[in-house]
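Trainee: structure for the following, please:
(3 chains)
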Amino acid sequence: MMDRTDIIRYLQSYDGPEVSIMEVCGSHTGAISKSGIPSLLSDKIHLISGPGCPVCVTPSSYVDRLIELSMRKDTCVVTFGDMLRIPGSTVSLAQAKGQGAHVEMVYSPFDILKLAAKAPQTTFVFAAVGFETTMPVYALLMQTLEQESVSNVKLLTALKTMPPVIDTLCAQQAKIDGFLAPGHVAVVTGYKVFDPLAQTYKIPFGVAGFQASQILVALYGILHAYHQPKVMNFYPEVVTEAGNEKAQELIDRYFEPVDAVWRGMGIICGSGRQLRNQYSAFDAGSANLNEDHKMNQKCCCDKVLTGKMRPYQCPLYGKACTPLQPQGACMVSEEGNCHSYFINQRNDR
Amino acid sequence: MNNSILMIHGSGGQATDDLIQTIFTRSFSNEMEDSAVVAGHQKLAVSTDSFVVTPLVFKNGDIGRLAVCGTVNDLLMRGAIPKYLTCGFILEEGLSIDLLKKIVSSMAQAAKEAGVSIVAGDTKVIEGNGGMYINTAGIGFVDPKVDISAKKAQDGDIILVSGNLGDHHAAILGDRLSIHSEIESDVAPLNTMVERLLESDVELHSMRDVTRGGLATVLKELAENSQKTFHIYEKDIPVSRAVQDFCGLLGLDPLYMGNEGKCVCIVAKKDAQKALSILRHSPYGQNASIIGSVETDRPGQLLLHTDIGGIRRLSVLQTEGLPRIC
Amino acid sequence: MCVALPGKVQKVFGQKALVDFNGNQVEARTGLVDVKTGDYVLVHAGCILQKMNEIEAEQMTELFSQLEAFR
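Mentor: Residues are numbered from 1 along each chain as shown, chains lettered A, B, ... in the order given. Alright, predicted model coming up:
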């Protein structure tokens, strides 16, 4: 079997047709930047970063709604750190916090249970953003809320699924010759979810873990399967064909498909998940948060998220838009494409 | 005396005097005068720093030890021998007096270890929640022959770091996020290793302590100041397995994690092994390592050669170093 | 954020487990996977998402030989 050195040598000396490979997951983008993978690839291999940062694709009206909730006297918004600095149509949660908004940052959604028990008069709203990887965590939280009859916790959902957005990208245009498929999404869904896409668009998918060597192996596989409808599992330690069925059942019990707005991409049919009708008491008003305002009209987040533009090709990148003064979501989140390129000064040649 | 700090302790009257007598003068040697009069020297280094850490006491240290070591290390980095410290305390109402005693005695111990005298001090009380803040200022004596500065890195020089990175940051953050670990703060005065380097004939060009912003921030600044290219090698950068996994769990990068008892040294190539040996045989330096070299191919840049042989350009710290989760 | 490395289950208590990552211990929910002490697991946002399978060297070799056959 080939070892890492052989694979790197292959990727460095690759001289076949020009190939563009999209990594859909923000953690893949981060790992690629951190390990310096672009510096190891032949000029014929292009890596494109996709729409896989959950907070980056969340529309501004969702952030506005979170802020509105957090300013209420009896309500506290609970969130992962990434959401704090994402701009809404006027301000971010972090800025609202400076004006008296109630916001708590946690490591796990389950941390909300402790907060809720301590202050029974306050309603705690979790900013439930994420893809298939995080959905079962929210489903498990819902199960716990039901079992323990917790009445002061709600979710504001902006949950999204990967296959429909990949479908949209492929259908729209895009010279994408293969996908580095998100490993932990596949842990939940199984790698089978990428099969129909591979068949329809005649392109390979390589499911990969998040260590540099795992990514290299998958890139090697994707190049070998050029224009072939193959789904290859390079992360068999945790990814199976069927995925985590217990997690899937739990997601289905609490959530149902809904049309969802992706920041910069518009509505994608059936790409979101919302709480089922019988659980609407746990919903903090997630429906119809579809408005999406750019804070700076020149921001190209939409083109960056869809792989039409590299972060460094945006006219604002590194000038008006930096991690300290972000103009769009992609420069804010540590998972965001622009942020990852900027902090690693990546200009890929 | 009550067992927590009250506003009256900041009145400037009897209660303030009692507090100073029972806590500070027991541990420190300062005279009760408006200013301290001390012996001088031809060339002095002066530095000041404020300390606002939460929690006040952490694994292997507390805000008091931090406040002494922080200023002592800043003086050392210019080649100065630290001599005198002043300290200003801002205490919040409600602070436990036992805790204050503990922190003050830890300061005294750190000062003793670092060979400095705490010669002047001040205490104020503000409304609040039992917290405290410390400012220290320090004076050190510089040998007129010593010339160490951020601008002096030269082509061919070797870059060394004095030990494992990220421990302090991980110890503090783990406490706040209830991740249980054995990771301890590295807070320490670096006198011995620096004094030995200065006394040796090692040609020492630049030195910086690696505090907030981490190794990447410090080296990027040095690369820019000297307009040289710094090449560093991931495989040679010392980070404990525990800190590596801590960072992996939270999406943090050890290169940007804060430390309180580490420095980088840039020395002439001919002296690299000697400098390494001095660091490794000094207290707090046993994991010292040669991590890279100074070149001129891309002025002002800091290039990390990654484990897989890739190159990553590093910038100064851009964000707050908050854990990202999703 | 996807955590690249697995942790090891130290103990299971009720619907939670203590998971160790080289000396860093976190509590994680077990509701999505049945785990026991000693299992290596993937943790995401405070939940165990999956158990790690032991991958036989042959599995990867097989995958690679398939790749070679593509061209």
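Trainee: the residue of the stretch 201-349 of chain A found nearest chain C and residue A:280, how far apart?
Mentor: As assessed by CB to the nearest CB, chain C sits closest to residue A:210 within the stretch 201-349 of chain A, at 3.7 Å. For glycine as for every other residue, the C-beta is placed from the backbone atoms N, C-alpha and C. Relative to residue A:280, residue A:210 is positioned 36 Å away (CB to CB, to the nearest Å).
Trainee: neighbour count winner among the two?
Mentor: residue A:210 (22 against 11; other CB atoms under 10 Å in any protein chain shown).
Trainee: doesn't the more buried one belong to a helix?
Mentor: No. Using DSSP: H, G, I helix; E, B strand; the rest coil, the assignment for residue A:210 is coil, not a helix.
Trainee: what residue ranges in the chain are flagged as low confidence?
Mentor: Let's take chain A. Within chain A, the segments meeting pLDDT under 70 span A:1, A:174, A:348-349.
Trainee: think we crossed wires, I meant chain B
Mentor: Using pLDDT under 70, chain B drops low at B:1-2, B:320-326.
Trainee: ok, and the closest non-adjacent residue to the residue of the stretch 51-200 of chain B found nearest chain A?
Mentor: With CB to the nearest CB as the measure, residue B:177 is the residue of the stretch 51-200 of chain B nearest to chain A, at 5.3 Å. Distances taken as CB to CB, 6 or more residues apart in numbering or on different chains place residue A:107 nearest to residue B:177, at 5.3 Å, with adjacent residues excluded.
Trainee: likewise for residue A:23?
Mentor: Distance criterion CB to CB, 6+ apart; nearest residue to residue A:23, sequence neighbours excluded, is residue A:180 at 4.1 Å.
Trainee: I'd say the one you found and residue A:19 touch.
Mentor: No. In this structure residue A:180 lies outside contact range of residue A:19 using CB atoms under 8 Å: 11.8 Å.
Trainee: these two: who's more crowded?
Mentor: Remark: of residue A:180 and residue A:19, residue A:180 carries more neighbours, 27 against 21, as counted by other CB under 10 Å.
Trainee: can you tell me the helix or strand for the more buried one?
Mentor: Following DSSP states H and E, one finds residue A:180 within strand A:178-182.
Trainee: contacts for that strand next, please.
Mentor: A:19, A:21-25, A:27-28, A:52, A:131, A:133, A:162, A:166, A:191, A:194, A:197, A:203-208, A:215, A:218-219, A:222-223, A:225-226, A:231, C:2 (CB atoms under 8 Å, 6 or more residues apart in numbering or on different chains).
Trainee: could you do stretch B:281-300 as well?
Mentor: B:153-164, B:186, B:188, B:190, B:192-193, B:196, B:223-224, B:226-233, B:236-238, B:261, B:266, B:269, B:272, B:276, B:278-280.
Trainee: stretch A:190-208 now?
Mentor: Residues contacting stretch A:190-208 (CB under 8 Å, 6+ apart): A:28, A:162-163, A:166-167, A:170, A:176-183, A:186, A:214-215, A:217-219, A:221-222, A:225-235, A:239-244.
Trainee: show me how to select, in PyMOL, the buried members of those.
Mentor: A single PyMOL command is used to select the members of these judged buried by 16 or more other CB atoms under 10 Å in any protein chain shown:
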select buried, chain A and resi 28+162+163+166+167+170+176+177+178+179+180+181+182+183+186+214+215+217+218+219+221+222+225+226+229+230+231+232+233+234+235+239+240+243+244
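Trainee: helices - which of the contacts of strand A:178-182 land there?
Mentor: Cross-referencing those against helices under DSSP state H gives A:27-28, A:162, A:166, A:197, A:215, A:218-219, A:222-223.
Trainee: quick one: residue B:17 from residue B:5, how far?
Mentor: Note on residue B:17: its distance to residue B:5, by CB to CB, is 15 Å.
Trainee: mind naming the longest strand for chain A?
Mentor: strand A:266-275 (DSSP state E).
Trainee: that strand and chain B, are they touching?
Mentor: No. Strand A:266-275 lies out of reach of chain B by CB under 8 Å from any CB of the partner chain, never closer than 15.1 Å.
Trainee: contact partners of that strand?
Mentor: Outside strand A:266-275, the residues within contact range by CB under 8 Å, 6+ apart are A:135, A:142, A:155, A:157-161, A:164-165, A:168, A:251, A:254-262, A:282-283, A:286-287, A:290.
Trainee: what residues sit buried inside the helix or strand that that strand is followed by?
Mentor: Sequence-wise, the next helix or strand downstream of strand A:266-275 (DSSP H and E) is helix A:301-305. Using 16+ other CB under 10 Å as the test for burial, helix A:301-305 gives A:301-302, A:304-305.
Trainee: next one: stretch A:32-52
Mentor: In stretch A:32-52, counting by 16+ other CB under 10 Å, buried: A:32-42, A:45-52.
Trainee: out of the residues you listed, which are inside strands?
Mentor: A:45-49.
Trainee: chain C: which of these is nearest?
Mentor: residue A:49 (14.7 Å).
Trainee: what's around residue C:14, how many residues?
Mentor: Residues near residue C:14, counting by other CB under 10 Å, number 7.
Trainee: how close does it sit to chain B?
Mentor: Residue C:14 is 18 Å from chain B, where distance means CB to the nearest CB, to the nearest Å.
Trainee: who's in contact with whichever residue of the stretch 1-150 of chain B sits closest to chain C?
Mentor: At 12.3 Å from chain C, residue B:59 is the closest residue in the stretch 1-150 of chain B, using CB to the nearest CB. If a contact means CB under 8 Å, 6+ apart, then residue B:59 has B:171, B:175, B:182-185 as its contacts.
Trainee: and if you look at residue C:50?
Mentor: Here residue C:50 is in contact with A:187, A:238, A:244, C:32-33, C:41-42 (CB under 8 Å, 6+ apart).
Trainee: that one and residue C:41: what is the separation?
Mentor: Distance from residue C:50 to residue C:41, by CB to CB: 7 Å.
Trainee: how about residue A:100, secondary structure?
Mentor: What three-state DSSP gives for residue A:100 is coil.
Trainee: where does it fall, phi/psi-wise?
Mentor: Dihedral pair for residue A:100: phi 100, psi 0, per degrees, to the nearest 10.
Trainee: so what's the residue count around it?
Mentor: Residue A:100 sits with 9 neighbouring residues when counted by other CB under 10 Å.
Trainee: same check on the one 3 residues further on?
Mentor: Applying the criterion other CB under 10 Å, we find 19 residues in the vicinity of residue A:103.
Trainee: just checking, it touches residue A:97?
Mentor: Yes. Contact criterion CB under 8 Å: residue A:103 and residue A:97 qualify, at 4.9 Å.
Trainee: mind checking pLDDT for residue C:57?
Mentor: We note a pLDDT of 67 for residue C:57 in this prediction.
Trainee: ok, and the closest non-adjacent residue to the residue in chain A that chain B sits nearest to?
Mentor: Chain A approaches chain B most closely through residue A:36 (2.5 Å), counting by CB to the nearest CB. Among residues not flanking residue A:36 along the chain, residue B:310 sits closest, at 2.5 Å (CB to CB, 6+ apart).
Trainee: so the one you found versus residue A:39, what's the distance?
Mentor: Note on residue B:310: its distance to residue A:39, by CB to CB, is 5 Å.
Trainee: could you do residue A:333 as well?
Mentor: According to CB to CB, residue A:333 stands 24 Å off from residue A:39.
Trainee: cool, residue A:245 as well?
Mentor: Separation of residue A:245 from residue A:39 (CB to CB): 40 Å.
Trainee: do residue C:52 as well
Mentor: Separation of residue C:52 from residue A:39 (CB to CB): 30 Å.
Trainee: please apply the same query to residue B:165.
Mentor: Between residue B:165 and residue A:39 the distance is 23 Å, computed by CB to CB.
Trainee: do residue A:138 as well
Mentor: Distance, residue A:138 to residue A:39, by CB to CB: 38 Å.
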